[in-house]
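# Provided below are the primary sequence and the corresponding predicted coordinates.
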Amino acid sequence: MKNRPSGFGIEKLPRIVRGQGSYLFDAAGKRYLDGSGGPAVFCLGHAHPEVNAAITQQLHEIAYAYRYLFTSSALEHLTETVLRLCGGDFQDIVYTGSGSEAVESAMKIALQHFAARGLRTKRHFIARRRSWHGNTLGALSISDFAQRRRAFEGSLLDVTFVSAANAYRMPDGVSAEDLVAHLAAELEHAIVSLGPQCVAAFVFEPIVGAAGGVVPAPDGYVQAIQSVCRKYDVLLIADEVMCGSGRSGTWRALEHDQVVPDIMSIAKGLAGGYIPLAATLVTARVAAPIRSEHGAFMTGHTFTGHTAACAAGLAVQNIIERDRLLDRVRTVGATLQETIRHALSRFDEVGDVRGRGFFIGIELVRDRQTRLPFSPERALSFDIGARAFADGLICYPCSGNVDGTAGDTIIIAPPYNASDSELEEIVTKFARAVDAALSSS
């Protein structure tokens, strides 16, 4: 086995001992500013006293009761809160412990929906190039992330992939004005080629995270693909595990597009990393035949609706709403993105700075005009990430966004309650890491 760094370019991982707000501290006493919320998870930072108190109180009462024997106040109140925050467009929630499980449940619910309607040939999924949906075999099957798929090829589902919706890297011969129409036509062609009677769902990230380096879809795209899906009775599954739960400035990322998917997965920001928690949300249109024919969703796990996890999620969401943190993410996020763009403008290798809210991606290229990526062997994004880490800043380096192998992006995704001075520190240290890495090229 080849020797590999144990982290994102980090040769030896330090031992963590505590966290406080936006900072983490290792056993040697070194302080790290969490500029990416881990992998865009920690929306309230670390050791928030109110969240810890809510979890502690729940542990004193009951840590966990099996969801299929009991309900609980924590579960009921969280469900009521999440459905309200989603605008009343969803009817049911299935809780799980990770984003991968939430996506897996979304896929199973789509299949069960058509089985309940007697349409048992609708088994096939369509997804997009340069996407990431999770580590379970089903979620991995709909992910086009070469490095993470390679060891499992041959055991994955047969999935059809269409082009990424990336305005910075468009399909050859397609103009910006024609991009949305081209992508919608490509999806329609895929459905027709497979046979609409065979296609269950189209799965996509409204804002692509790790696989693309924060890539928002172009305006009009989601409406166009929803129209295609409705035309052929194909369900629309939105994976908002990374970009949702307020990360992009609205509770649902697709609020920006004024579209409600048929099924939606959420995770990271739901409980903010305090206890693992994820969920799959289902509209009444999808749930009705399942309820009628089968009585319940045939998905779930031992720890579905874990009581203490639901208490953590409820506390996190109550604080975000009470403190109007999504307003901050929207307004300050736009300023933060512009500040990062300005701080990096002197580097010709910075090709694009993009995103929404506190979800910002930086793409590095050899040449701004041609947008050619660096050689994969250079591992530039991981070099930058390692240098930032050494300087006390955590960011999220990603690779392979261009063709599955080449391409360097870095994600900045701070806690929603990060202070102005902490955001300034992120920009300063990140720019310093970029400068140091590029100077060594």
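Noted; the coordinates are in hand. Remember, it's a predicted structure, so these values are computed and weren't measured experimentally.

# most centrally placed residue in the protein?
With distances taken as CA atoms, centre = their mean, residue 242 lies nearest the centre of the chain, 1.8 Å away.

# so that one sits right up against residue 205, yeah?
Yes: Residue 242 lies in contact with residue 205 (CB atoms under 8 Å); the separation is 7.2 Å. Where you see a C-beta, it was placed from the backbone N, CA and C, and this is true even at glycine.

# Next up, the contacts around the residue nearest to the centre of the chain.
By CB atoms under 8 Å, 6 or more residues apart in numbering, residue 242 lies in contact with 39, 40, 99, 205, 207, 209, 210, 267, 268, 359.

# swap the cut-off to 6 Å and go again
Residue 242 makes contacts with 40, 209, 268, as judged by CB atoms under 6 Å, 6 or more residues apart in numbering.

# Ok, residue 19 next?
Contacts of residue 19 (CB under 6 Å, 6+ apart): 46, 47.

# Specify the beta-bridge partners of it.
Beta bridges link residue 19 to residue 24, judged by DSSP bridges.

# Am I right that residue 264 sits in a strand?
Yes: assessed by DSSP: H, G, I helix; E, B strand; the rest coil, residue 264 belongs to a strand.

# Check the burial of it by counting its neighbours.
28 (other CB atoms under 10 Å).

# That one bridge partners, please.
residue 238, residue 281.

# Let me know whether it touches residue 238 as I believe.
Yes: with contact taken as CB atoms under 6 Å, residue 264 and residue 238 are classed as touching, separated by 4.7 Å.

# sorry, back to before: buried subset of the contacts of residue 242?
Neighbour-count burial (16 or more other CB atoms under 10 Å) is assigned, among the contacts of residue 242, to 40, 209, 268.

# Make TSV out of the residues you listed and add pLDDT and distance to residue 142.
Converted to TSV, these look like this (pLDDT from 0 to 100; distance: CB to CB, whole Å):
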residue	pLDDT	distance to residue 142
40	98	20
209	97	14
268	98	18
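
# Closest to residue 105 out of those residues?
residue 268 (15.9 Å; CB to CB).

# Give me the contacts around the helix or strand bottoming out on mean pLDDT in the chain.
Between all helices and strands in the chain, the lowest mean by mean pLDDT, DSSP states H and E belongs to helix 146-149, at a mean of 90. Residues lying outside helix 146-149 but in contact with it, judged by CB under 6 Å, 6+ apart, are 400, 404.

# What is the three-state secondary structure of residue 270?
helix.

# That one is in contact with residue 281, isn't it?
No: at 10.8 Å, residue 270 does not count as touching residue 281 under the criterion of CB under 6 Å.

# Pull up the gap between residue 259 and residue 401, please.
24 Å (CB to CB, to the nearest Å).

# Contacts only, for the nearest residue to residue 54 once chain neighbours are set aside.
Of all residues not flanking residue 54 in the chain, residue 315 sits nearest, at 3.6 Å (CB to CB, 6 or more residues apart in numbering). By CB under 6 Å, 6+ apart, residue 315 lies in contact with 50, 51, 54.

# 8 Å - rerun?
By CB under 8 Å, 6+ apart, the neighbours of residue 315 are 50, 51, 53, 54, 55, 274.

# Nothing else from me, thank you.
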